[in-house]
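1. mind looking at a prediction? Sequence and model below.
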Amino acid sequence: MVCPTLGRAPGAVPPPQLLERLLKAGMDYETRREQVAQAHRAGVTIVSGTDGGINPVKPHGILPLAIADLVSGGVSPADALATATSVAAEACGLGARKGHVRAGYDADPIVVDNDPLTDMRALQSLTTTILAGKPPAPPA
């Protein structure tokens, strides 16, 4: 199982010392996305994570970008979404009660404006999150 920690702030560049090491290893961002997709096709279990908050390149809230990076590297949209839902729940030992929208499962579904299976940008247009089975309370 691999968590490649993709996703980065738009236009962000890693710190110079990290960028130098990555380029020396032949690991530019495009290559890295493609390598992760290749690992996925070879049967490696990929779980989405971001290292969000560790520096300006990796701010909190970039999980949608990490999922989109998987797709741009060659992972199908459905498989990329699963890396952040059912596959992630399994990886955490919670697959028997989380990671799916099913009767008897805990779920905090999100509502987006468009279909993320055809447009990954939809994940960045979150309109509602249902927490513990309840929609958010209206503003006071």
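-> Here it is on my side, so go on.
2. may I have stretch 71-90 as PDB, with CA atoms only?
-> Only the C-alpha atoms of stretch 71-90 are listed here, as PDB (Å, rounded to 0.1, in the frame of the first residue of the first chain):
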ATOM      1  CA  VAL A  71      -6.400  11.000 -12.900                       C
ATOM      2  CA  SER A  72      -4.000  13.200 -14.800                       C
ATOM      3  CA  GLY A  73      -1.300  10.500 -14.300                       C
ATOM      4  CA  GLY A  74      -3.500   7.900 -15.800                       C
ATOM      5  CA  VAL A  75      -5.700   6.400 -13.000                       C
ATOM      6  CA  SER A  76      -9.400   6.200 -13.900                       C
ATOM      7  CA  PRO A  77     -11.700   8.700 -12.100                       C
ATOM      8  CA  ALA A  78     -13.600   6.000 -10.300                       C
ATOM      9  CA  ASP A  79     -10.400   4.400  -9.000                       C
ATOM     10  CA  ALA A  80      -9.000   7.800  -8.000                       C
ATOM     11  CA  LEU A  81     -12.100   8.600  -6.000                       C
ATOM     12  CA  ALA A  82     -11.900   5.200  -4.300                       C
ATOM     13  CA  THR A  83      -8.400   6.000  -3.100                       C
ATOM     14  CA  ALA A  84      -9.900   8.700  -0.900                       C
ATOM     15  CA  THR A  85     -13.000   6.700   0.100                       C
ATOM     16  CA  SER A  86     -13.400   2.900   0.200                       C
ATOM     17  CA  VAL A  87      -9.700   2.100  -0.300                       C
ATOM     18  CA  ALA A  88      -8.700   4.600   2.400                       C
ATOM     19  CA  ALA A  89     -11.300   3.200   4.800                       C
ATOM     20  CA  GLU A  90      -9.900  -0.300   4.200                       C
END
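3. which parts of this protein are helices?
-> 16-24, 29-41, 63-73, 77-82, 86-91 (DSSP state H).
4. mean neighbour count, those: which tops it?
-> Ranked by mean neighbour count, the helices of the chain are led by helix 63-73 with a mean of 22 (mean count of other C-beta atoms under 10 Å). No exception for glycine: its C-beta is placed from N, CA and C like everyone else's.
5. packing partners of it?
-> If you count contacts as 3 or more C-beta pairs under 8 Å, 6 or more residues apart in numbering; DSSP states H and E, helix 63-73 packs onto helix 29-41, helix 77-82.
6. please consider this matter closed, and thank you.
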